[in-house]
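Trainee: pasting the sequence and the predicted coordinates here, then a few questions.
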Amino acid sequence: MSVPRPTVHFVGAGPGAADLITLRAARLLAEADVVLYPGTYVDAAVLGHCRPDAHLVDTQRLDLDQITAAMVEAHAAGRDVVRLTSGDPSLYSALHEQTRRLDAAGVGWDVTPGVPAYAAAAALVGNELTVPLVAQSVVLTRTQARSTAMPEGESLAAFAATGATLVLHLAITRTRELMAELAPSYGEGCPVVVVHRATQPGEVVLRGTVGSIADQVEAAGLRQAAVILVGAALANPTLADPTLADAAAGESWLYASGRNR
């Protein structure tokens, strides 16, 4: 069975800055006849990589069937398509749903990764999310409000019990409720970082704790396009709880001086 030549390219647009996409992404955008992009999340500057005559489609008010129909129609007309996703296509991009529909229509596709929002957020505040002796795991998750139900066993309390660095997507409107749920495992003084529209115009960075961050989020009026990072690995010397800052000072055995290599 032959595999169709990819004519639809799912491309991670990164966190927002036009220069934080890959070289491959820039090339695909420059070559594309049709570009579908989520206007709510992708900064207009990223579209500057597109050809002046490219057909641009904002998908923020389209459902999956309409989005897929646009891609299939472009494919049938012999046009190459870029389907931009915010951040990286491997996280909360509806990649599975769209590619399943394209497979059924006999349309070939491929995927180009991008810089995920959580990585951009960590870079902005200069934090590693995995600090020796503090946290060696990162949990990327979301919460349920007006979205698809979470799978059984993936409760926030269960993830919090591990003490891993926690990254919450699609959760900013429930910050106060979620911090109350995390407090028993992480403690009120555990560091929290919230980044809204990382690397884009209007970027907002908030640093606080499990006990204080909800007040900051509400004061800033944040309602979307934000990630919440929680964990002791995010500690810095300015935090009120010095024990957390001390805990974050562990050093990697891999790079320890005097170790036999």
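Mentor: Arrived safely, thanks for sending.
Trainee: how's this structure carved up into domains?
Mentor: Structurally, the chain divides into domains by automatic domain parsing as follows: 6-112, 117-252.
Trainee: tabulate those (CSV), appending mean pLDDT.
Mentor: Output for the domains of the chain, formatted as CSV (pLDDT from 0 to 100):
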stretch, mean pLDDT
domain 6-112, 95
domain 117-252, 86
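Trainee: in TSV: these, plus mean neighbour count.
Mentor: C-beta here means a position set from N, CA and C on the backbone, and glycine is covered the same way. Below are the domains of the chain laid out as TSV (neighbours: other C-beta atoms under 10 Å):
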stretch	mean neighbour count
domain 6-112	18
domain 117-252	17
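Trainee: strands of this protein, residue ranges please.
Mentor: For the chain, the strands defined by DSSP state E occupy 6-12, 34-37, 55-58, 81-85, 108-112, 138-142, 165-169, 191-196, 204-209, 226-230.
Trainee: the ones you listed: which one's closest to Gln216?
Mentor: strand 204-209 (4.7 Å; C-beta to C-beta).
Trainee: who does the closest one pair up with?
Mentor: Strand 204-209 has the following strand partners under DSSP bridges: strand 191-196 (antiparallel).
Trainee: got the angle for the partner strand vs strand 226-230?
Mentor: Taking axes from the mean of the first three to the mean of the last three C-alpha atoms, to 10 degrees, one finds strand 191-196 and strand 226-230 inclined to each other by 170 degrees.
Trainee: starting at the chain centroid, how far to strand 191-196?
Mentor: 13 Å (C-alpha atoms, centre = their mean, to the nearest Å).
Trainee: number the chain from 29, please
Mentor: Right, with 29 as the first residue, what we last looked at is strand 219-224.
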